[in-house]
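> here's a sequence, model it:
(chains A and B)
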Amino acid sequence: EDQVTQSPEALRLQEGESSSLNCSYTVSGLRGLFWYRQDPGKGPEFLFTLYSAGEEKEKERLKATLTKKESFLHITAPKPEDSATYLCAVQPTTSGTYKYIFGTGTRLKVLA
Amino acid sequence: DAGITQSPRHKVTETGTPVTLRCHQTENHRYMYWYRQDPGHGLRLIHYSYGVKDTDKGEVSDGYSVSRSKTEDFLLTLESATSSQTSVYFCAISEGTGGGGEQYFGPGTRLTVT
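The predicted structure follows:
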């Protein structure tokens, strides 16, 4: 069964304290892995797409990496404005192009 | 900005009443999706559309129907609302070839069924 698991569920960091969020996935074949940021009361906002193991994408303080079993979202020197829920989703190669499997997210709180 | 709006943004309704949520997009994307988001669950697909009048069911479609008579509008209807349908509903579009690729989401509709 296709599955996505994110850890930890919640994370509190001091401003400037770097850390990583994990997204473990089990799919028969991977079309793409996606990271989103979601602020309270808003829709998810697209961050990155990764397609193959070894690929990395970077944007400001965020860097996403991908292996054959998991993806990491590294946050370097976070600021309070990075506080949000980060969602991971995978799109399997099977089951049609409509299917995206979402994890339950990691709630990140960065303290000033 | 993918130009996605949802209406209403908040709604409270009574059990047994019909409810229609609207998703509107301004950029002629072919693929549109309706999700619900509940605590402890990831976003779950209700229905999706791959063109005007072309729709199909997702994993949690029971109790929901959709219609798409124009490219820009995708409607989600709860024929007879139940308390289990209290949730936040998100519309999304995807731009990739064949419906793949990253998705862009609307601001959501918070629905409470009393």
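> chain B: helices as residue ranges?
With helices called from DSSP state H, chain B shows none.
> ranges for the strands of chain B?
In chain B, the strands defined using DSSP state E lie at B:4-7, B:10-13, B:19-25, B:31-37, B:44-51, B:54-57, B:64-70, B:73-78, B:87-94, B:103-105, B:109-113.
> okay, those strands in CSV with mean neighbour count and distance to A:T106 next?
All C-beta spots, glycine's among them, are computed from the backbone N, C-alpha and C. Output for the strands of chain B, formatted as CSV (neighbours: other CB atoms under 10 Å in any protein chain shown; distance: least, CB to CB, whole Å):
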stretch, mean neighbour count, distance to A:T106
strand B:4-7, 18, 25
strand B:10-13, 13, 27
strand B:19-25, 19, 27
strand B:31-37, 25, 15
strand B:44-51, 21, 18
strand B:54-57, 14, 30
strand B:64-70, 16, 29
strand B:73-78, 20, 28
strand B:87-94, 24, 18
strand B:103-105, 24, 18
strand B:109-113, 18, 22
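> how far away is the residue lying farthest from the centre of chain A from A:K79?
The centre of chain A is farthest from one residue, A:A112, which by CA atoms, centre = their mean lies 22.9 Å away. As defined by CB to CB, to the nearest Å, A:A112 lies at a distance of 8 Å from A:K79.
> what residues are up against the residue nearest to the spatial centre of chain B?
Taking CA atoms, centre = their mean, the centroid of chain B lies closest to B:W34, which sits 2.7 Å from it. Applying CB atoms under 8 Å, 6 or more residues apart in numbering or on different chains to B:W34 gives the contacts B:21, B:23, B:45-48, B:58, B:64, B:66, B:74, B:76, B:89-91.
> I am finished for the moment; much appreciated.
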